[in-house]
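1. with the input below, show me the fold.
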Amino acid sequence: MIKRILYICAHPDDCELLFGGTISKLVKKNIEISIIVVSDGTKWVRDKKICFDEIKEQRKQEAINSAKMLGVKNIYFLEHVDGMLEKQALCASLLNYIRKVNPN
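-> Presented below is the predicted three-dimensional model:
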């Protein structure tokens, strides 16, 4: 039986920064890791001259690259607007991905 762990984090880069070492160790033990990133992470931008679409794509690509380096099997982006979560929509989308990943 393949062990599967699902990390759910608020912003792109949260899982890598907070749990990167643990994720790396688990991958080396042949545990399948998946990540769900809930928001687009755009509220962290302080420079109003930066296009939010650009920063959103940049942060998404950075998270994909980091996850790949750590050996994460799947990374999913819900792309809710940072700080503007709607509870029912969030719960529904999380439930769909939890069923898809089927973590132990």
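
2. which residues are in contact with I35?
-> Contact partners of I35, counting by Cβ atoms under 8 Å, 6 or more residues apart in numbering, are L6, Y7, I8, C9, C15, A63, A67, V72, N74, I75, Y76. Where C-beta positions appear, they are placed from N, C-alpha and C, glycine not excepted.

3. A helix includes it, no?
-> No: with DSSP: H, G, I helix; E, B strand; the rest coil as the criterion, I35 is located in strand rather than a helix.

4. tell me the spacing between it and G20.
-> Applying Cβ to Cβ, to the nearest Å, the value for I35 to G20 is 11 Å.

5. kindly write the PyMOL command that selects the buried subset of the contacts of I35.
-> The buried residues among the contacts of I35 can be selected in PyMOL (16 or more other Cβ atoms under 10 Å) with this line:
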select buried, resi 6+7+8+9+15+63+67+72+75+76
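
6. dump the residue contacts of Y76.
-> Residues in contact with Y76 (Cβ under 8 Å, 6+ apart) are S34, I35, I36, V37, Y97.

7. the first one and K3: what is the separation?
-> Relative to K3, S34 is positioned 12 Å away (Cβ to Cβ).

8. pLDDT score for C51?
-> At C51, the model reports a pLDDT of 74.

9. what's the burial count for it?
-> Neighbour count of C51, defined by other Cβ atoms under 10 Å: 11.

10. which residues touch L26?
-> Applying Cβ under 8 Å, 6+ apart, the residues near L26 are I5, I33.

11. got CSV for the contacts of I35, with pLDDT too?
-> Putting these into CSV (pLDDT from 0 to 100) gives the following:
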residue, pLDDT
L6, 97
Y7, 97
I8, 96
C9, 94
C15, 91
A63, 93
A67, 94
V72, 96
N74, 95
I75, 96
Y76, 96
